[in-house]
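S.K.: Turn this into a model:
(2 chains)
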Amino acid sequence: MRSSLTSANRAGWAFALPGIVLILAFIITPFFLGVGFSLTNQRLISPNATRFVGLENYRQMLDIAVVDLQAKTDAAGKTVKDAEGQAEFPRLRSITRNLDTPQYHGMQEWFRWVSGNTAHVVIASDVVFWKALLNTCIFVLVVAPVQAAIALGLALLTNQKLRGITIFRTIYFMPVVVSIVVVSLLWRFIYSGQNGLLNNMLSLLSFGHFQPVDWLGNPHTALGAIITMSIWQAVGFHMVIWLSGLQTIPPTLYEAAAIEGASKWQTFRYVTWPGLRHTAVLVLIVITMQAFAIFAQIDVMTKGGPLDSTQTLVFQAVQRGYGMQNIAGGSAISVILFLIVLVISMIQRWLTRER
Amino acid sequence: MSVIGSDNRNLRLGVRYLVLILIALIFVLPLLFMMMSSFKPSDELLRDTSSLRAFLPVGQLSLDNYSGAFERAPVGLFVFNSIFVTGTTVLLSLVICSLAGFSFVFLQWRGRDLMLSIILATFIVPFETIAIPLLLEVSKLPWLGLDGLSWGWLDSYRVQIIPWIADGLTIFLFVQYFKGLPGELIEAARVEGASWFQIYRRVVIPLSGPVIATAAILKFLIMYNQYLWPLIVVQQEQYRPVMVGLQYFFQLNPAWGEIMAYLTLITVPVLAFYLVLQKAFIASIASTGVKG
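M.R.: Take a look at the predicted model:
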């Protein structure tokens, strides 16, 4: 008995070792390296020795403040108005270059809102990081519910017993197997302002009433355009997960509902939806994790522009860590991203816990 | 009365199909447009976008865009690189991850449970968050090649293959599947004096068709569609895969005809592969979705 156990011990390690070594070397090591780099001033190629800087990278990125600017007043104490009748404010420099407020030194304006004679200005040391964080959150907050809902709709639609229904499932799933890089380049053309397919089709459908839009070149539409395309590409994947969830619901429940004379909506509300609880959490988590990692769409379509309207965390991490060879900065963004994903997967654990 | 009833049913059925078809168009038309455009000269392609001709094989059709794409970039090389990197990684991954899965399920060894939980914990580390430190790590790794010991893995096939062989998901898929295999089979083989490797090779693997298909399909999709990793580790044309090769076509005034040809060229094989295997494909995604 003893000898058989020791031999299994050796065989066990021998069988699992290649996999363990590879995961240790290429997932776990870089993960801890990244955490370490984020606390240093590591660069990809640098003549200077790497130095430990503690949380400096994080401070530099996360540093944010709100400052108030009082409207200019003239000698009589009246507010100075500009040509459009708006109150005129002193330049932000009066604060960020003021010797009395060294804590704001080097910070830049992100956005401001005006109430009365005061302008509240949000300033940050790393405005691009904040824009990237905000855009990533918008992307996730829109894509997760919308994509999950459309996917559920498609799943319900293709869960009917109709002849040829698998053909439709197959078609709806098709974009999933196409690379997001290919899709991004293709849609760059579809979204184009000149000769773009989308503009032309909209104009055709509205009998020429539609004014063409440069979807990716306009800061107001660029992120929305990327969101739409991303949903189009991946929605079939989540449809399939919903479908498999639908098929775990016992048919007897539907029969019972039919006997009770339940309406379509009631059947969905009291039979289908409760049966999909676990699938729902799974779909939302998978979409959320994927959405946080958005990179290829940005790199191929907009490079973060116009006016940083499509910056995202991974794009910034890559641009700093690789483009600017600032490994420490890129790693710090990665760690922040990882912490966000960690919190989300902990919420998942909590939502799906055994009760 | 019954006539009206059946008419009604037919109408409802018709509406259902109409809805299904309209939605299908949303998913099909962009891809159809890509393929049709790849056969049209660039100026005609641009003109056709203002009408439904965009989706039809009409006008001056030719393979000029394809030959143009091949002239602009070493397309054959990129395709070879992608197939080589993807194929090698998928094969190695199946072997290494199934061995690990076998060990975790059928063998007793010290540290097994700890190792399994560590591997499962790597699930929540998105690749995007380790890409940058991994880049620095591989740029300093040693390699024993034909010309002796060298440092740095950048610009090579190995940097695109080796870090991707083992991953938590694939090992997890094998572990889940192996747990469902009857343990008596393994014991019987053990009593007959088979070695663990023989049991793996002769008993377990022949029973593992479904999980091998699932793991292979998922890995294939991930590897063939890779972008971020090859983008940062490969500078030389010689090692570029198809997705990074796209950069040859990004320009201020892009030649859209050639781009459509290139996109079609690197997409159609995958689509064909999918259409042939779509049943297994969708079933495999569904099963991993629910368990993973």
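S.K.: pLDDT value on residue 94, please?
M.R.: Assuming you mean chain A. Looking at residue A:94, its pLDDT reads 80.
S.K.: that answer is for a different chain, and I need it for chain B
M.R.: 97.
S.K.: Go ahead and list the helix or strand containing whichever residue of the stretch 1-150 of chain A sits closest to chain B.
M.R.: Closest contact between the stretch 1-150 of chain A and chain B, by C-beta to the nearest C-beta, is at residue A:12 (3.0 Å). (Each C-beta comes from the backbone N, C-alpha and C, glycine too.) When elements are assigned from DSSP states H and E, residue A:12 belongs to helix A:2-23.
S.K.: from the middle of its chain, how far away would that helix be?
M.R.: Put simply, helix A:2-23 sits 40 Å off its chain's centre (C-alpha atoms, centre = their mean, to the nearest Å).
S.K.: And the helix or strand that comes right after it, what does it pack against?
M.R.: Tracing the chain C-terminally past helix A:2-23 and defining elements by DSSP H and E, one meets helix A:29-37 next. When contacts are defined as 3 or more C-beta pairs under 8 Å, 6 or more residues apart in numbering or on different chains; DSSP states H and E, helix A:29-37 packs onto helix A:327-351, helix B:127-138.
S.K.: rewinding a little: now tell me what touches the helix holding residue A:12 from outside.
M.R.: The contact list for helix A:2-23 (C-beta atoms under 8 Å, 6 or more residues apart in numbering or on different chains) reads B:96-97, B:99-100, B:102-104, B:107-112, B:115, B:118-119, B:122, B:162-163, B:165-168, B:171, B:196-197, B:200.
S.K.: Can you say which of the residues you listed are buried?
M.R.: Buried by 16 or more other C-beta atoms under 10 Å in any protein chain shown: B:96-97, B:99-100, B:102-104, B:107, B:109, B:112, B:115, B:118-119, B:122, B:162-163, B:165-168, B:171, B:196, B:200, out of those.
S.K.: Of those residues, which are in range of chain A?
M.R.: B:96-97, B:99-100, B:102-104, B:107, B:109, B:112, B:115, B:118-119, B:122, B:162-163, B:165-168, B:171, B:196, B:200 (C-beta under 8 Å from any C-beta of the partner chain).
S.K.: Identify the residues contacting residue B:273.
M.R.: Taking C-beta under 8 Å, 6+ apart, one finds residue A:177 in contact with residue B:273.
S.K.: what's the pLDDT at residue 116?
M.R.: In the absence of a named chain, this looks at chain A. Taking residue A:116 on its own, its pLDDT is 80.
S.K.: other chain: chain B
M.R.: Reading off the model, residue B:116 has pLDDT 93.
S.K.: Go ahead and confirm it touches residue B:176.
M.R.: No - applying C-beta atoms under 8 Å, one finds residue B:116 not in contact with residue B:176, separated by 11.8 Å.
S.K.: Comparing these two, which residue is more hemmed in?
M.R.: Legend: neighbour count by other C-beta atoms under 10 Å in any protein chain shown for residue B:116 and residue B:176, higher for residue B:116 (21 against 16).
S.K.: Counting by contacts, list what the strand or helix carrying that one packs against.
M.R.: Secondary structure from DSSP H and E places residue B:116 in helix B:112-121. Packing partners of helix B:112-121 (3+ C-beta pairs under 8 Å, 6+ apart): helix A:2-23, helix B:75-106, helix B:168-179.
S.K.: I'd like to check the angle between it and helix A:2-23, please.
M.R.: Angle of helix B:112-121 versus helix A:2-23, following axes from the mean of the first three to the mean of the last three C-alpha atoms, to 10 degrees, is 20 degrees.
S.K.: and helix B:112-121, how far from the chain's centre?
M.R.: Here helix B:112-121 is found 26 Å from its chain centre; the criterion is C-alpha atoms, centre = their mean.
S.K.: which outside residues touch it?
M.R.: A:12, A:16, A:19-20, A:23, A:28, B:100, B:103-104, B:168, B:171-172, B:175.
S.K.: will you turn the residues you listed into JSON lines that also has distance to residue A:344 and pLDDT?
M.R.: Output for those, formatted as JSON lines (distance: C-beta to C-beta, whole Å; pLDDT from 0 to 100):
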{"residue": "A:12", "distance to residue A:344": "34", "pLDDT": "89"}
{"residue": "A:16", "distance to residue A:344": "30", "pLDDT": "94"}
{"residue": "A:19", "distance to residue A:344": "27", "pLDDT": "96"}
{"residue": "A:20", "distance to residue A:344": "27", "pLDDT": "95"}
{"residue": "A:23", "distance to residue A:344": "22", "pLDDT": "96"}
{"residue": "A:28", "distance to residue A:344": "21", "pLDDT": "95"}
{"residue": "B:100", "distance to residue A:344": "27", "pLDDT": "96"}
{"residue": "B:103", "distance to residue A:344": "31", "pLDDT": "95"}
{"residue": "B:104", "distance to residue A:344": "27", "pLDDT": "94"}
{"residue": "B:168", "distance to residue A:344": "17", "pLDDT": "92"}
{"residue": "B:171", "distance to residue A:344": "23", "pLDDT": "94"}
{"residue": "B:172", "distance to residue A:344": "19", "pLDDT": "90"}
{"residue": "B:175", "distance to residue A:344": "24", "pLDDT": "93"}
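S.K.: Which helix or strand contains the closest residue to chain A within the stretch 1-150 of chain B?
M.R.: At 3.0 Å from chain A, residue B:109 is the closest residue in the stretch 1-150 of chain B, using C-beta to the nearest C-beta. If you go by DSSP H and E, residue B:109 is not part of any helix or strand.
S.K.: Surely residue A:112 forms part of a strand?
M.R.: Yes - under DSSP: H, G, I helix; E, B strand; the rest coil, residue A:112 sits within a strand.
S.K.: So for the most centrally placed residue in chain B, what's the pLDDT?
M.R.: Nearest to the mean C-alpha position of chain B, by C-alpha atoms, centre = their mean, lies residue B:221 at 0.9 Å. Looking at residue B:221, its pLDDT reads 89.
S.K.: now it, nearest residue through space, not along the chain?
M.R.: The shortest distance from residue B:221 to any non-neighbouring residue, by C-beta to C-beta, 6 or more residues apart in numbering or on different chains, is to residue A:177 (6.5 Å).
S.K.: Now do the contacts for the one you found.
M.R.: B:221, B:270, B:271, B:273, B:274, B:281.
S.K.: Could you pull up the residues touching residue 165?
M.R.: In the absence of a named chain, chain A is used. A:158, B:20.
S.K.: hm, I was asking about chain B
M.R.: A:22, B:89, B:92, B:93, B:96, B:97.
S.K.: quick one, helices of chain B?
M.R.: When secondary structure is read from DSSP state H, chain B shows helices at B:2-37, B:42-48, B:64-72, B:75-106, B:112-121, B:127-138, B:158-161, B:168-179, B:183-191, B:196-198, B:209-224, B:228-233, B:242-245, B:256-291.
S.K.: Does anything pack onto the first one? Which helices or strands?
M.R.: Looking back up the chat, that one is helix B:2-37. Short answer (3+ C-beta pairs under 8 Å, 6+ apart): helix B:2-37 packs on helix A:127-158, helix A:165-177, helix A:180-190, helix A:222-246, helix B:256-291.
S.K.: nearest to residue A:339, of those helices?
M.R.: The closest of the helices and strands packed on helix B:2-37 to residue A:339 is helix A:127-158. By C-beta to C-beta, the value is 12.0 Å.
S.K.: and that closest one, which residues are buried?
M.R.: A:127-133, A:135-136, A:139-140, A:142-144, A:147-148, A:150-152, A:154-155, A:157-158.
S.K.: what's the nearest residue to residue A:28 once chain neighbours are set aside in contact with, if anything?
M.R.: Leaving aside its chain neighbours, residue A:28 sits nearest to residue B:122 (6.7 Å; criterion: C-beta to C-beta, 6+ apart). Residue B:122 sits next to A:23, A:27, A:28, B:167, B:168 when contact means C-beta under 8 Å, 6+ apart.
S.K.: For my notes, confirm residue A:66 occurs in a strand.
M.R.: Yes - membership of residue A:66 in a strand is supported by three-state DSSP.
S.K.: Could you measure from residue A:255 over to residue B:239?
M.R.: Computed with C-beta to C-beta, to the nearest Å, the distance linking residue A:255 and residue B:239 is 59 Å.
S.K.: Having no further points to raise, I will conclude here.
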